[in-house]
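**Student:** please find the sequence and the predicted model below.
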Amino acid sequence: MIDTPNKNNLSNDVVIKGSIKFANEFIFDGNLEGDITSADGILTVGENANVRGDVKSKIVIVKGKVHGNITVPERCELHAVRFALEDGATFLGKLEVTPNNAAIKDVAVAQNREPQKIGARR
């Protein structure tokens, strides 16, 4: 992979305690205790990533773990084999999980808490 000035990459051996702000495109594959924010950027949370904090970006692609709210104005992609919600979490929408061509499942869970912000605002 060729790095360009507009594309930043932190690999899986990086551990950060603090917040990250970026512009353009950012691939994070490490461990973070803090928030990741960008007004107009594209964030990819890599397969090895473990983020404990909130994520705010124009576009977010999640392949790893995010323990916090994800807020996006345009698009959020969740790449997962399984999907689980903890008690108190809210998911509004439709989810299709098809590992090994298994049956498609719809998930609609709503509780009396502030919803977690997953997906694009309308």
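**Tutor:** On my side now, so go ahead. Numbers count the residues shown, from 1 in each chain.
**Student:** can you pull out the strands in this protein?
**Tutor:** 7-10, 15-17, 20-21, 25-28, 31-33, 36-37, 42-45, 50-52, 55-56, 59-62, 65-66, 70-71, 75-78 (DSSP state E).
**Student:** nearest to Thr90, out of those?
**Tutor:** Nearest to Thr90, of all those, is strand 70-71, at 12.6 Å by Cβ to Cβ. Using the backbone N, CA and C atoms, a C-beta is placed for each residue, glycine as well.
**Student:** one step back: how about the strands of the chain in CSV, adding mean neighbour count?
**Tutor:** Supplementary listing: the strands of the chain in CSV, determined by neighbours: other Cβ atoms under 10 Å:
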stretch, mean neighbour count
strand 7-10, 16
strand 15-17, 12
strand 20-21, 16
strand 25-28, 21
strand 31-33, 19
strand 36-37, 22
strand 42-45, 23
strand 50-52, 19
strand 55-56, 22
strand 59-62, 20
strand 65-66, 17
strand 70-71, 20
strand 75-78, 15
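**Student:** got CSV for the ones you listed, with mean pLDDT too?
**Tutor:** Below are the strands of the chain laid out as CSV (pLDDT from 0 to 100):
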stretch, mean pLDDT
strand 7-10, 88
strand 15-17, 96
strand 20-21, 96
strand 25-28, 96
strand 31-33, 97
strand 36-37, 97
strand 42-45, 97
strand 50-52, 96
strand 55-56, 96
strand 59-62, 94
strand 65-66, 90
strand 70-71, 89
strand 75-78, 87
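**Student:** partners of the spatially most central residue of the chain in the sheet?
**Tutor:** In the chain, the C-alpha nearest the mean C-alpha coordinate belongs to Val62, at 4.0 Å (Cα atoms, centre = their mean). For Val62, the beta-bridge partners are Val45, Leu78 (DSSP bridges).
**Student:** start at 377 instead
**Tutor:** I'll keep to 377 as the first residue from here, and by that count the last item is Val438.
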